[in-house]
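K.L.:
the amino acid sequence is not available; the structure is as follows:
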């Protein structure tokens, strides 16, 4: 007995080549590797059929994860994903600048040296005032970039109840 997951692929050009699921759309192209030998993927008209060998919980979980990843790829190549972050400061007026693929945070908690972060490839960044908007076609890269910014620009070795400064995610992709 095998479990079957179906994904509607009518909104994008989906192909299976050399162990990869490739999705093309108006905004770009993404691919996902089929990593497990017990997963079988086949095109069935306007659907993508993802089958697993046995009805074992871990195989069904991995099949469902792959189905969700393909759905996210289809949404990404058609619409794209955006994440929004905001700089919050209480004590020292910090500022944001963008220089190519770098985000520069100046005067964060009174630091003299600016903090610099590099945004990964495939993610676009816009800075306006204290707001940062990240956009791209890969949901995981956009979310990872937002998490990276939030984790790198935070206060350490100070009381978080008093020093509430930082960059925080206000809208997830």
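P.N.:
Perfect, I can see it now. None of the values given here were measured: they were computed from a predicted structure. Numbers count the residues shown, from 1 in each chain.

K.L.:
got a list of what residue 50 touches?
P.N.:
By C-beta atoms under 8 Å, 6 or more residues apart in numbering, the residues touching residue 50 are 4-7, 39-41, 63, 66-67, 70. Where you see a C-beta, it was placed from the backbone N, CA and C, and this is true even at glycine.

K.L.:
possible to save the residues you listed as JSON lines with secondary structure?
P.N.:
What follows is those, written out as JSON lines (DSSP: H, G, I helix; E, B strand; the rest coil):
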{"residue": "4", "secondary structure": "strand"}
{"residue": "5", "secondary structure": "strand"}
{"residue": "6", "secondary structure": "strand"}
{"residue": "7", "secondary structure": "strand"}
{"residue": "39", "secondary structure": "strand"}
{"residue": "40", "secondary structure": "strand"}
{"residue": "41", "secondary structure": "strand"}
{"residue": "63", "secondary structure": "helix"}
{"residue": "66", "secondary structure": "helix"}
{"residue": "67", "secondary structure": "helix"}
{"residue": "70", "secondary structure": "helix"}
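
K.L.:
buried ones among those?
P.N.:
Applying a neighbour-count criterion of 16 or more other C-beta atoms under 10 Å, the buried members of the contacts of residue 50 are 5, 7, 39, 41, 63, 66-67, 70.

K.L.:
determine which two of the residues you listed are furthest apart.
P.N.:
Looking at the buried ones among the contacts of residue 50 by C-beta to C-beta, the two members farthest from one another are 7 and 39, with 13.0 Å of separation.

K.L.:
from the contact counts, what lies against the one helix or strand residue 65 maps to?
P.N.:
When secondary structure is defined using DSSP states H and E, the element that contains residue 65 is helix 57-78. Contact partners of helix 57-78 among helices and strands, from 3 or more C-beta pairs under 8 Å, 6 or more residues apart in numbering; DSSP states H and E: strand 3-8, strand 20-25, strand 28-33, strand 39-44, strand 47-52, helix 139-152.
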